[in-house]
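**Q** just to be clear, the model below is a prediction. Sequence and coordinates:
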Amino acid sequence: MIRLLGFAAIAVFPLLASPYALTLANYSGLAALVALGLVLLTGVGGLTSFGQAAFVGVGAYATAWLTTAQGASPWLGLALALALSGGIAGLLGAATLRLSGHLLPLSTIAWGLALFFLFGNLDALGRHTGMSDIPPASLFGHTLNSSLAGYTMIWLAVAVAFWLCGNLLDSRAGRAIRALRGGTAMVESLGIDSFAMRLAIFVIAGMLAGLSGWLLAHVQRFISPTAFDVGPGMEYLFMAILGGAGHLAGAILGAAIVTVARDRLQDVLAHIGPNSGQLEVVVFGALFVLILHRARGGLIPAVLKLLPARTRANPPDAAPLSRRALPEAGTVLLEVDQLTKRFGGLVAVNQVSFTLRAGEILGLIGPNGAGKSTLFNLVTGLLRPNAGQVRLLGRDITGASIRRIARLGLARTFQHVKLRPSMSLLENVMLGAHPRGRAGLLAATFRLDRAEEARLAAEAMRQLRRVGLDAAPHGLAGNLALGQQRVLEVARALAADPLLVILDEPAAGLRKPEKAALADLLRQLRAEGVTILLVEHDMEFVMSLVNRIVVMEFGTRLAEGLPAEIRANKAVQEAYLGGVA
Ligand code: ADP
Ligand code: MG
């Protein structure tokens with residue numbers, strides 16, 4: 001509904017606007033395309049880029065060169081603009097997206113500057129004066145050189161890009177992209193290739209900027225390198241953040257506000273002194289800092305608060321996703337064989353062996369520092385052992401990647417719950433089912449994934465029902481109490497259709513009734529045939545629940561047996577002396 005109003009406003013605007021307002025609207029639209037990419041990249045994916053203006057330049061120069069020096073059609077120029085901006089983004093992304101922390105944003109400044117200097121120093125691109133006499137695009141014999149034609153092309157592009165990006169975010173790939181923010185450990189543990197997802201949004205953002213550059217070249221008909229400097233690059237980022245980088249609409253709002261404000265500001269600053277362009281940077285810089293301090297989320301969240309909340313129906317049932325073949329109860333599922341891990345001189349896990357059979361709950365307990373977490377990390381692929389083997393259904397998985405192990409059917413939860421608090425319960429669980437879907441970015445963008453999406457949603461809904469969290473599937477995960485968040489993590493693990501669920505200290509931090517509820521859930525799951533490895537510090541929690549127990553102390557296996565045997569074991573009692581459990 002709101003989208004329809006937006007599209008209607010875009011359609012009606014040129015009928016009411018002055019030529020001057022139309023020009024401003026054109027520049028807003030051009031900027032909005034770049035800012036849309038930044039919403040995906042920064043607001044959604046958590047990757048900050050100051051260099052997007054350089055991709056606008058790539059698109060603009062590609063088509064300007066092809067249509068002037070080579071005399072080719074602007075539509076061929078569009079293909080080259082998109083291919084080059086996407087291709088260069090792919091190369092730069094492949095080289096820099098593994099950089100951590102502040103190195104990535106810094107690198108975007110570096111290549112932003114590098115491309116800017118390239119544009120300004122190549123003879124073929126007109127050096128610092130740029131390129132002029134770029135032909136307008138034409139369609140069915142009509143030359144698209146009026147202001148209205150420019151408006152139509154630009155805002156049609158914005159509307160289509162907005163729709164496609166919206167489709168993308170509301171899909172299997174989109175969920176993975178939205179999950180990137182907040183660390184890759186969880187994303188990889190769900191079998192999702194986080195690097196590929198980052199690269200994808202980096203390329204998409206680059207292509208949106210390239211599209212903006214193509215439109216700029218053919219609507220404005222001249223280009224010069226100053227528009228593609230890091231300064232404008234920061235302005236695009238400012239637009240996205242001002243509007244609300246977490247929302248696609250924020251890109252359009254931010255681009256419109258900044259474009260109009262800059263125009264007004266130039267009028268005002270012109271009275272102050274001759275170098276008003278530089279003062280403009282000061283004003284925007286100050287506003288940028290103010291926004292980051294006062295309203296990180298930008299303006300759109302404030303707008304959304306004024307609108308009535310969307311009510312959504314629970315997802316309907318759909319054909320179940322295909323399941324992996326589960327071994328019969330009693331089959332040896334997991335074998336940990338003489339596993340050893342050293343940290344320097346410390347042997348954190350020392351020749352530990354045990355087996356886990358399908359259908360049982362095995363407890364792995366031990367006092368603090370016993371090596372439980374290290375063993376957990378060895379089994380799930382976070383750490384590589386120095387010696388020994390881990391086998392899943394007889395297949396050697398020692399040293400395999402987290403993602404591969406996850407895809408083979410090992411689903412885990414985290415000691416410190418790792419959910420995406422701003423995503424719904426349903427979406428968090430759907431993330432768990434990610435490897436069971438196929439639809440890629442392209443299918444999602446063009447809405448060809450709806451049947452599979454319905455099946456994923458129905459599966460997530462079934463798992464929510466299974467763990468008793470189906471009352472409000474569209475509620476936000478961040479609003480749940482800790483005990484329920486743990487349960488939600490279990491549902492996410494179940495959605496992967498796992499061979500084995502490994503829980504890392506699930507009772508940690510829970511209150512008594514929450515622990516009891518979690519224990520009931522795990523018992524119910526065992527009754528349903530789910531195999532569980534429970535790594536836990538809390539001995540009492542484990543005792544009432546598991547079939548067998550392995551006790552670790554100082555990195556070695558201290559004892560193994562039935563709960564009653566472990567309780568009676570003198571060595572175990574001594575290890576737990578002081579009653580920490
Ligand atoms: P638990 O989970 O049973 O409390 P851990 O596996 O966390 O035990 O730790 C076992 C031992 O290994 C401890 O002495 C801990 O200090 C040490 N340790 C764990 N991780 C590392 C690491 N990354 N580097 C060095 N020492 C570590
Ligand atoms: Mg631990």
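**A** Yep, that arrived. Numbering: from 1, shown residues only. Ligands and ions are numbered 1, 2, ... in the order given.
**Q** from here on, just use CA atoms for contacts and neighbour counts.
**A** Fine.
**Q** now the element among helices and strands of the chain having the smallest mean pLDDT: buried residues?
**A** Using mean pLDDT, DSSP states H and E, helix 276-294 stands out as the lowest-scoring helix or strand of the chain, at a mean of 78. The neighbour-count check on helix 276-294 (16 or more other CA atoms under 10 Å) flags 276, 279, 281, 284, 288, 291 as buried.
**Q** strands of the chain, start to end?
**A** 138-139, 142-143, 332-343, 346-357, 361-365, 387-392, 395-396, 410-412, 500-504, 532-536, 548-553, 556-561 (DSSP state E).
**Q** the last one close to ligand 1?
**A** No. In terms of CA under 6 Å from any ligand atom, no part of strand 556-561 sits within range of ligand 1; the closest distance is 10.3 Å.
**Q** which helices and strands sit right next to that strand?
**A** Applying 3 or more CA pairs under 8 Å, 6 or more residues apart in numbering; DSSP states H and E, we find strand 556-561 packed against strand 346-357, strand 548-553, helix 570-575.
**Q** any idea which of those is most buried?
**A** Most buried of the helices and strands packed on strand 556-561, by mean neighbour count (mean count of other CA atoms under 10 Å): strand 548-553, with a mean of 23.
**Q** count of neighbours near the residue of the stretch 51-200 of the chain found nearest ligand 1?
**A** Using CA to the nearest ligand atom, the single residue of the stretch 51-200 of the chain nearest to ligand 1 is residue 185, 15.2 Å away. Number of residues near residue 185 (other CA atoms under 10 Å) recorded here: 15.
**Q** ok, the one 10 residues further on next?
**A** Residues lying near residue 195 (other CA under 10 Å) number 15.
**Q** residue 202 versus that one, what's the distance?
**A** Computed as CA to CA, to the nearest Å, the residue 195 to residue 202 distance reads 10 Å.
**Q** residues touching residue 558, list them.
**A** Residue 558 is in contact with 550, 551, 552, 571, 572, counting by CA atoms under 8 Å, 6 or more residues apart in numbering.
**Q** what two of the residues you listed have the greatest distance between them?
**A** 550 and 571 (12.8 Å; CA to CA).
**Q** about what we covered before: for the least confident helix or strand of the chain, list the C-alpha coordinates in CSV.
**A** Taking Å, rounded to 0.1, in the frame of the first residue of the first chain, the C-alpha atoms of helix 276-294 are listed here in CSV:
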residue,chain,number,x,y,z
SER,A,276,31.4,27.8,-0.4
GLY,A,277,31.8,24.3,-1.7
GLN,A,278,34.3,23.5,1.0
LEU,A,279,32.0,24.9,3.7
GLU,A,280,29.3,22.6,2.5
VAL,A,281,31.6,19.7,3.4
VAL,A,282,31.9,21.1,6.9
VAL,A,283,28.2,21.4,7.4
PHE,A,284,27.5,17.8,6.1
GLY,A,285,30.4,16.5,8.3
ALA,A,286,28.9,18.0,11.4
LEU,A,287,25.4,16.7,10.5
PHE,A,288,26.9,13.2,9.9
VAL,A,289,28.4,13.2,13.4
LEU,A,290,25.1,14.4,14.9
ILE,A,291,23.2,11.6,13.2
LEU,A,292,25.6,9.0,14.3
HIS,A,293,25.2,10.3,17.9
ARG,A,294,21.5,11.0,18.1
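**Q** and this protein, which residues reach ligand 1?
**A** So far as CA under 6 Å from any ligand atom goes, the chain lies against ligand 1 at 343, 348, 366, 368, 369, 370, 371, 372, 373, 374.
**Q** swap the cut-off to 8 Å and go again
**A** Within reach of ligand 1 by CA under 8 Å from any ligand atom, the chain has these residues: 343-344, 346-349, 365-376, 537, 552-555.
**Q** and those residues, which are buried?
**A** Applying 16+ other CA under 10 Å to the residues of the chain next to ligand 1, the neighbour count classes 347-349, 365-367, 370-376, 537, 552-555 as buried.
**Q** wait, residue 144 sits on residue 135?
**A** No. Judged on CA atoms under 8 Å, residue 144 makes no contact with residue 135 at a distance of 9.5 Å.
**Q** comparing those two, which residue is more hemmed in?
**A** It is residue 135, of residue 144 and residue 135, that has more neighbours when counted by other CA under 10 Å, with 23 against 18.
**Q** test my guess that that one contacts residue 218.
**A** Yes. Judged on CA under 8 Å, residue 135 makes contact with residue 218 at a distance of 6.3 Å.
**Q** spell out which residues are contacts of both of those two.
**A** By CA under 8 Å, 6+ apart, residue 135 and residue 218 have these common neighbours: residue 74.
**Q** domains of the chain?
**A** Domain segmentation of the chain under automatic domain parsing yields 2-304, 330-409+498-581, 421-497.
**Q** any weak-confidence spans in this structure?
**A** Applying pLDDT under 70 to the chain flags the ranges 276-277, 577-581.
**Q** what about the longest helix in it?
**A** Scanning the chain for the longest helix, with DSSP state H as the assignment, gives helix 194-220.
**Q** tell me the helices and strands packed up against it.
**A** Counting by 3+ CA pairs under 8 Å, 6+ apart, the packing neighbours recorded for helix 194-220 are helix 19-38, helix 52-68, helix 74-96, helix 147-169, helix 172-179, helix 184-189.
**Q** can you give me how far the last one is from the chain middle?
**A** Relative to the mean C-alpha coordinate of its chain, helix 184-189 is positioned 10 Å out (CA atoms, centre = their mean, to the nearest Å).
**Q** distance to residue 311 for the domains of the chain - can I get that in JSON lines?
**A** Shown next, in JSON lines, are these (distance: least, CA to CA, whole Å):
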{"stretch": "domain 2-304", "distance to residue 311": "14"}
{"stretch": "domain 330-409+498-581", "distance to residue 311": "30"}
{"stretch": "domain 421-497", "distance to residue 311": "9"}
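**Q** which residue of the chain sits farthest from its center?
**A** Distance from the C-alpha centroid of the chain, by CA atoms, centre = their mean, peaks at residue 570 (49.4 Å).
**Q** if we can go back for a sec, okay, buried residues for the longest helix of the chain please.
**A** The neighbour-count check on helix 194-220 (16+ other CA under 10 Å) flags 194, 197-220 as buried.
**Q** okay, residue 295 and ligand 1: tell me how far apart.
**A** In this view, residue 295 and ligand 1 are 38 Å apart by CA to the nearest ligand atom, to the nearest Å.
**Q** same check, this time on residue 1
**A** For residue 1, the distance to ligand 1 equals 52 Å [CA to the nearest ligand atom].
**Q** cool, residue 202 as well?
**A** Per CA to the nearest ligand atom, residue 202 is found 32 Å from ligand 1.
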